[in-house]
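Asker: Following is a predicted model, sequence given first.
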Amino acid sequence: MPESSASVVFQEPLPRLLEGVITLRKISSGAYGTVFLGRDSARRELAVKAVSPQIPAEAQERERCGLECYLEKFQCGGDHLLAIHQISPSGEPLRYSMELADNLNDPNTSDDYCAASLEAWVERNGALPVRQIVDFMHQLLDGVSELHGKGLLHRDLKPGNIYFVRGRLKIGDLGLVTSFRTDNALIGTREFIPQGISCASTEMDVYALGKILYTMFTGLSAGEFPRIPEKLMKDASVRALNEFILEHACSESNERRFQNAEDFREAFDAVSNPAERQRRIQKRLRSCMIGGQIVFVAAILLWAWSVSWKKSAPKSIWPEGYGELHQAWYERIPPTDSTMRYKFGRMDCGAEGISATVSSDDRIVSENFEMYIEATCNVGRANFVVEFLDSTKSVVDRVRCVLTPRGVFSETTVLDGTPNGDVTWGIRLLPIDGTLMLLANGRPVLDASMPHEGPPWFVRFSLESESAEAADGRVKLGRFCVFEAVP
């Protein structure tokens, strides 16, 4: 008998959205776009947002500008601000990668993934206890203070745009971020915009914090403000928070509302729960005392170990003339693998101008190595190149990136900027799973193939301006060092 026919489901192939990022699966979608789970060459899982091509170009460009404005100030995110890793080049559909929020279903895995936003958390858990609210509000106040401290406004603060990342609250959805101006457009979500203002300001972000506080202690959406479930009003702490919001945080009177996060914090601490506030202060004092004792003991042990190690270390480990200042700089850049040893380096390469080139005097003989170099420039854009050379000093392979006042980027993701003094970047290059990962100030920038010819290699670093300001500009290669596995 012939085989019975069976339905076959063909899955749409996953798109390659960003350079160096593998798309694993779709995790959410909506009218504005789709979010995918991805993995970069550093083996980190991250979220990749692909804005729908149906969204008008004007709206996409506004979001791109917001992301670039944020990334200029926060290359690695913040303690309570989501990190943006990569943005698609201008002229292409808007796509960008960012830190992956915790999984609301199981924080220890990305299976059955549901992003742990504050909105989803409140929907699942209902009204939160005051102690938890106090903790969450302090985290959010820290995040808003970080943002405002750099001269930026969020303009769309709400529970759905706040995420748990490794258990910590972080402010995300940064596409409407803008710098302080007197003519900032009043855009965002209606329930979180105060009445009586004509343009976006710090007051708008702080007002939104009041609405977020309302959702946490009531378990209701901001659209139901100012309704309070009657059973909650039996709690004196809830009554105090309700009065705080009605009279100040979300007052209809402009004069009574808070103008900045610090005024909000001071008033919130005074009413939220005096006993809880005192407990937090005592906890911080105990932590500081314990931390100070640990640091003191660790410093003594480290000093004793360094004295013993210097006496027993073979002289061949350190090059001749290796001074105390150089050693202090080297010790701030430990290798990721404890078996690696210092190979060679410079205190100050002394190569500068509109182009700079420095070559190593020693060779790398193992594929298990790490390099670190400082690069400084005060131009709009400069090309940084690491070249691997064979024994005849011929180029075997090279790795390129671009330096701008906004950061270090791959050649496909560049945010140009206007020079405003010298900017120095610490660039690190190391092999990970058969590829070369380049990081700038700890942030992954690009991954490249390993040199097609194996070691030994000499290394040459080059930095060259390609800006219009080159005649008045300056680029410089600073100190560098190489670590290598010792057989």
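Answerer: Alright, I've got the coordinates.

Asker: Confirm that I300 sits in a strand.
Answerer: No: applying DSSP: H, G, I helix; E, B strand; the rest coil, one finds I300 to be helix, outside a strand.

Asker: Helices of the stretch 151-300 of the chain, residue ranges please.
Answerer: Counting by DSSP state H, counting those that start in this stretch, residue ranges of the helices within the stretch 151-300 of the chain are 202-218, 236-244, 261-272, 274-312.

Asker: what's the span of stretch 385-404, first residue to last?
Answerer: In stretch 385-404, first residue to last residue: 14 Å (C-alpha to C-alpha, to the nearest Å).

Asker: With stretch 386-401 instead?
Answerer: 9 Å.

Asker: Check stretch 106-117 too.
Answerer: Stretch 106-117 end-to-end distance (C-alpha to C-alpha) = 13 Å.

Asker: residues making contact with it?
Answerer: Here stretch 106-117 makes contact (C-beta atoms under 8 Å, 6 or more residues apart in numbering) with 27-28, 35, 37, 45, 47, 100-105, 120, 159-164, 167. All C-beta spots, glycine's among them, are computed from the backbone N, C-alpha and C.

Asker: same question, stretch 290-303
Answerer: The contact list for stretch 290-303 (C-beta under 8 Å, 6+ apart) is empty.

Asker: pLDDT averaged over it - what is it?
Answerer: Mean per-residue pLDDT for stretch 290-303: 74.

Asker: sorry, back to before: going by mean pLDDT, which of the helices of the stretch 151-300 of the chain comes out lowest?
Answerer: Among those, helix 274-312 scores lowest, with a mean of 64.

Asker: where does the stretch 301-450 of the chain dip in pLDDT?
Answerer: Counting by pLDDT under 70, the stretch 301-450 of the chain has low-confidence residues at 304-333, 344-352.

Asker: In ChimeraX, how would I select just the buried ones from the contacts of stretch 106-117?
Answerer: Remark: buried members of those, expressed as a ChimeraX selection using 16 or more other C-beta atoms under 10 Å:
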select :27,35,37,47,100,101,102,103,104,120,159,161,162,163,164
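
Asker: Narrow the contacts of stretch 106-117 to those in strands?
Answerer: Among these, the residues falling in strands (DSSP state E) are I27, S28, V35, L37, E45, A47, I162, Y163, F164.

Asker: so who does the fifth one touch?
Answerer: It stands for E45. Counting by C-beta under 8 Å, 6+ apart, E45 makes contact with L24, L37, G38, R39, L100, S110.

Asker: just the third one next, same as before
Answerer: Taking C-beta under 8 Å, 6+ apart, we find V35 in contact with K26, I27, S28, S29, A47, V48, K49, A50, A115.

Asker: Repeat the analysis, applying 6 Å as the threshold.
Answerer: I27, S28, A47, K49 (C-beta atoms under 6 Å, 6 or more residues apart in numbering).

Asker: Over to the last one?
Answerer: Contacts here follow C-beta under 6 Å, 6+ apart; on that basis F164 touches D102, A116.

Asker: Pairing partners for it in the sheet, please.
Answerer: L169 (DSSP bridges).

Asker: same question, the third one
Answerer: In this structure, V35 bridges to S28, K49 when assessed by DSSP bridges.

Asker: Give me the pLDDT value at L463.
Answerer: 90.

Asker: counting contacts, what elements does the helix or strand containing it pack onto?
Answerer: For L463, the host element (DSSP states H and E) is strand 458-465. Applying 3 or more C-beta pairs under 6 Å, 6 or more residues apart in numbering; DSSP states H and E, one finds that strand 458-465 contacts strand 355-359, strand 382-389, strand 475-485.

Asker: picking that back up, any chance of the contacts of V35 in JSON lines with pLDDT and distance to G91 as columns?
Answerer: Converted to JSON lines, the contacts of V35 look like this (pLDDT from 0 to 100; distance: C-beta to C-beta, whole Å):
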{"residue": "I27", "pLDDT": "89", "distance to G91": "27"}
{"residue": "S28", "pLDDT": "87", "distance to G91": "26"}
{"residue": "A47", "pLDDT": "95", "distance to G91": "23"}
{"residue": "K49", "pLDDT": "95", "distance to G91": "18"}
